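Asks: Quick one, fold the following:
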Amino acid sequence: NGSTLLANVVGSIPTDGRILRIANWSDTTEQIGALVELNDGSLLEYVPSPDSASPGTLIPSDAEPMLEPCPWIAGLHSTTASGISSESIEKRVVVGMSRRSRLYFGERILSDACSSFILTPTQRFLSYATLGSRSQLRFIPLSALAEYDPLMGSEDNLLA
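Replies: Model prediction:
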């Protein structure tokens, strides 16, 4: 149709690796930044600058990195502000699905046969569908993810 779209790049931020995915935080509509995953599974957080003339910064995320790269990720920026956790410590919750259909919560595998997932802070659940001859739709309360401690024993720390 002959129309030309022009984009004006106002800044750039260098990274230590290739970016695999950028995702908005699922629990906020405010401009508080984004979750950035690198090809090695490590997580960064983009924090916008209060000055609209500068691009902002990338900082290491408090969330645990994924065990393998996950092209599909979702995260909660604040479990206390979302009302999911009563703990006074701000905690990031990040869930990702790999190309091999594995669903991860940080370094913990939640499912080795997942077709899709959604983090819904308003309903306070992680919902995911399993693959196989008898597919299932499973639900994990976000409070269980927020309170999960990888250093505790497995008997006291069940997720799925």
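
Asks: How far does stretch 134-146 stretch from one end to the other?
Replies: End-to-end distance for stretch 134-146: 29 Å, by CA to CA, to the nearest Å.

Asks: Report the distance from it to the chain centre.
Replies: Put simply, stretch 134-146 sits 15 Å off its chain's centre (CA atoms, centre = their mean, to the nearest Å).

Asks: For I19, which residues count as its bridge partners?
Replies: Beta-bridge pairing for I19 (DSSP bridges): L38.

Asks: From E37, how far off is it?
Replies: 7 Å (CB to CB, to the nearest Å). Every C-beta, even on glycine, is put in place using the N, C-alpha and C of the backbone.

Asks: ok, the two, which is more surrounded?
Replies: E37 (27 against 12; other CB atoms under 10 Å).

Asks: for that one, what are its contacts?
Replies: I19, L20, R21, I22, A23, L43, L44, M66, P69, C70, I73, G96 (CB atoms under 8 Å, 6 or more residues apart in numbering).

Asks: hmm, 7 Å instead?
Replies: By CB atoms under 7 Å, 6 or more residues apart in numbering, E37 lies in contact with L20, R21, L43, C70, I73.

Asks: cool, and F139?
Replies: Residues near F139 by CB under 7 Å, 6+ apart: F125, S127.

Asks: Am I right that it is in a strand?
Replies: Yes. The assignment for F139 is a strand, going by DSSP: H, G, I helix; E, B strand; the rest coil.

Asks: Strands of this structure, residue ranges please.
Replies: 19-24, 34-38, 43-47, 57-60, 72-76, 93-97, 103-105, 108-111, 114-120, 125-130, 137-141 (DSSP state E).

Asks: Quick check: which of the ones you listed is buried the most?
Replies: Counting by mean count of other CB atoms under 10 Å, strand 93-97 has the highest mean neighbour count of the strands of the chain, with a mean of 26.

Asks: Neighbouring strands of that strand in the sheet, and parallel or not?
Replies: Strand 93-97 sits in its sheet next to strand 72-76 (antiparallel), strand 103-105 (antiparallel), going by DSSP bridges.

Asks: pLDDT of the first one, averaged?
Replies: This means strand 72-76. Per-region confidence: strand 72-76 scores 91 on mean pLDDT.

Asks: Which strands and helices lie in contact with the lowest-mean-pLDDT helix or strand in the chain?
Replies: In the chain, the helix or strand scored least confidently by mean pLDDT, DSSP states H and E is helix 142-146, which has a mean of 80. With contacts defined as 3 or more CB pairs under 7 Å, 6 or more residues apart in numbering; DSSP states H and E, helix 142-146 has these neighbours: strand 93-97, strand 125-130.
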